[in-house]
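[1] Sequence below, structure please.
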Amino acid sequence: MAGRHRPLPHSAAIQVAFSLPLPWISSISYKILPTSLPINVTIGQISFEYVVNDGSDEASITLTGLKNIYGRQLPNMPREYIVRLVFDPRHRSVALLRRGVPIGGITYRPFVPAVSHDVRSGGLRRGWGFAEIAFCAVTVTEQIRGFGTRLMNHAKAAARSHDRCEHFLTYADNSAVGYFQKQGFTRRITLPRDVWGGYIKDYDGGTMMECVIGTSLPNVDAPAAVMRQKKALWDRLTSMSDLHLVRATLPAFARSRAEHERDEAARAAESGALLPTPTPVTLPPVDPIDVPGLAEAGWTPDDIEKNPPYLIRGAFCGERRDVPPTPKHLAALLRKAWDELSRHPDAWPFHEPVSAEAVPDYYTVVRDPMDLATIDARLERGDFYRTLEMLVADVRRIARNCRHYNGPDTVYHRCADNFERHMERWLSDAVRSV
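    Residues are numbered from 1 along each chain as shown. The predicted model follows:
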């Protein structure tokens, strides 16, 4: 029966695909379904059907299933009211079926006035109308799987292709407003009231919402359209740059933390200690120009002075004016920072590494220890801290480790807070943004 009980386009199955949320398209929405999760959606299990009560047995069976779902999921709705609207031949339903059995649906009534609102020009034209959504529900065992979004997208396609509707209107209760917003509905009604007034009843306790059904938007094929856009963008980006290339690891960093920890465990076994006092991983100096891909990107050492990320105030590096963080001036700033931090009254717990003999479980709890003596040794090397951010990260690690091991009511926890705040205040005076 053409036009009365027929599957929508692409109704054979829901194709599981990558997708992105589409906040920039108001009338399309699609739930993200990561491919890493098992999704029981295969060809032949899920289908969408456009149903009108034409008196046939097939339509009656499907509409009866929808009526039962609406009754269970909308307990406050009178059963007689649900039956009357679902089986009304003037209403249309889009049924979500699993192996031919309804598991959800949307029922709406289309209105096609003699004169309707033109979305493009804002004027009036003939032959296109709007639809009011009466019911929208998915059985409780099938929720939180993205079916509600797919169902709405198919309903939009059906309302436009079968019923010549360009707008969806509905009264949403408080619990449903969020769902409709995700499907592209808004509280701002663009359709003039004189177009829909007299067709739609006002309901107490509901929020009037509208969705404009776009003419050229792929409601049903939204994930495939997004995938095509992503692929086109990626192809364009990779043709203009080498951002997709994965560079080889620097030999200096090839030695992993696991290898370092194995060496420390062996050293502890030889010395008979239960837990050794950790030593920092020693890395040979690395010239930035040797970093794979840096030179290919056009970077040169002169860029540090030409485009500095910040300026060091002259008083903190022995200059009369503010200067960029060249290796010489950066080294002076970092040494001055360490001197300032080590003299702070609340720095006393952080001067030396925590003794494993005094605190046996410390290195079981804190896996990435740091202290001012280790920072001083790295500064003495002269080539470890290549940026101010590296030293700041080590200082923050001292405070973070202390707070992690000690409770908030301890003196150590308060020392860590004061110590970190002092560093932040001092650095705000020592450097300024460009």
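
[2] How much space separates residue 397 from residue 349?
    According to C-beta to C-beta, to the nearest Å, residue 397 and residue 349 sit 14 Å apart. (Glycine included, C-beta is placed from N, CA and C.)

[3] oh, I was asking about residue 423
    In terms of C-beta to C-beta, residue 423 sits 15 Å off from residue 349.

[4] low pLDDT regions in the stretch 301-434 of the chain?
    Across the stretch 301-434 of the chain, the ranges flagged by pLDDT under 70 are 304-305.

[5] can you give me the strands for it?
    Taking DSSP state E, counting those that start in this stretch as the criterion, the stretch 301-434 of the chain carries its strands at 310-312, 431-433.

[6] ok, back up a step: which one's more surrounded, residue 423 and residue 349?
    Counted by other C-beta atoms under 10 Å, residue 423 and residue 349 do not tie: residue 423 has more neighbours, with 21 against 17.

[7] what's the more buried one in contact with, if anything?
    Applying C-beta atoms under 8 Å, 6 or more residues apart in numbering, we find residue 423 in contact with 337, 341, 392, 395.

[8] what's the farthest-apart pair in those?
    341 and 392 (10.7 Å; C-beta to C-beta).

[9] Between these two, which has more neighbouring residues?
    residue 341 (21 against 17).

[10] and the more buried one, how far is that from residue 366?
    Noted for residue 341: a distance of 19 Å to residue 366, by C-beta to C-beta.

[11] cool, and residue 286?
    Distance from residue 286 to residue 366, counting by C-beta to C-beta: 27 Å.

[12] Let's test this: mean pLDDT of the helix or strand hosting residue 265, rounded?
    Assigned by DSSP states H and E, residue 265 belongs to helix 257-271. Across helix 257-271, pLDDT averages out at 69.

[13] from here on, count from 678
    Got it, first residue is 678 now, which makes that one helix 934-948.

[14] In terms of residue numbering, what are the domains of the protein?
    Domain assignment for the chain by automatic domain parsing gives 682-907, 964-1110.

[15] Deepest in the core, which of these is it.
    Highest mean neighbour count of those: domain 682-907, a mean of 17 (counted as mean count of other C-beta atoms under 10 Å).

[16] got a list of what residue 1092 touches?
    Taking C-beta under 8 Å, 6+ apart, one finds 1023-1027, 1079 in contact with residue 1092.

[17] How about the secondary structure of residue 774?
    Under DSSP: H, G, I helix; E, B strand; the rest coil, residue 774 falls in the strand class.

[18] Regarding the residue lying closest to it once chain neighbours are set aside, what is its secondary structure?
    The shortest distance from residue 774 to any non-neighbouring residue, by C-beta to C-beta, 6 or more residues apart in numbering, is to residue 724 (4.9 Å). Three-state call for residue 724 (three-state DSSP): strand.

[19] Give me the pLDDT for residue 724.
    Predicted confidence (pLDDT) for residue 724: 87.

[20] Relative to the whole chain's centre, how far out is stretch 890-898?
    Relative to its chain's centre, stretch 890-898 lies at 24 Å (C-alpha atoms, centre = their mean, to the nearest Å).

[21] May I have that stretch exported as PDB, CA atoms only?
    Provided in PDB are the C-alpha atoms of stretch 890-898 (Å, rounded to 0.1, in the frame of the first residue of the first chain):
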ATOM      1  CA  ILE A 890      13.400  20.700   9.400                       C
ATOM      2  CA  GLY A 891      16.100  21.700   7.000                       C
ATOM      3  CA  THR A 892      15.700  21.100   3.300                       C
ATOM      4  CA  SER A 893      19.200  20.000   2.500                       C
ATOM      5  CA  LEU A 894      20.300  18.400   5.800                       C
ATOM      6  CA  PRO A 895      20.900  14.600   5.800                       C
ATOM      7  CA  ASN A 896      18.700  13.700   8.700                       C
ATOM      8  CA  VAL A 897      19.000  10.000   8.300                       C
ATOM      9  CA  ASP A 898      22.500   9.900   6.900                       C
END
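
[22] I'd say residue 730 and residue 764 touch.
    Yes. At 5.1 Å, residue 730 counts as touching residue 764 under the criterion of C-beta atoms under 8 Å.

[23] list residues touching both of these two?
    Taking C-beta under 8 Å, 6+ apart as the contact rule, residue 730 and residue 764 both touch residue 740.

[24] that's a strand at residue 887, yeah?
    Yes. In this structure, residue 887 lies within a strand as judged by three-state DSSP.

[25] is it true that it touches residue 843?
    No. Between residue 887 and residue 843 there is no contact under C-beta under 8 Å: 10.7 Å.

[26] end to end, how far does stretch 1020-1036 reach?
    Using C-alpha to C-alpha, to the nearest Å, the end-to-end distance of stretch 1020-1036 comes to 25 Å.

[27] which residues in the stretch 678-827 of the chain form strands?
    Taking DSSP E, counting those that start in this stretch to define them, one finds strands in the stretch 678-827 of the chain at 682-684, 723-728, 769-775, 778-788, 793-794, 801-802, 806-815.

[28] Can I get these in JSON lines including distance to residue 755?
    Formatted as JSON lines, the strands of the stretch 678-827 of the chain follow (distance: least, C-beta to C-beta, whole Å):
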{"stretch": "strand 682-684", "distance to residue 755": "27"}
{"stretch": "strand 723-728", "distance to residue 755": "22"}
{"stretch": "strand 769-775", "distance to residue 755": "18"}
{"stretch": "strand 778-788", "distance to residue 755": "15"}
{"stretch": "strand 793-794", "distance to residue 755": "32"}
{"stretch": "strand 801-802", "distance to residue 755": "37"}
{"stretch": "strand 806-815", "distance to residue 755": "12"}
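
[29] and those, which one's lowest on average pLDDT?
    For those, where the average pLDDT is lowest is strand 682-684, sitting at a mean of 42.
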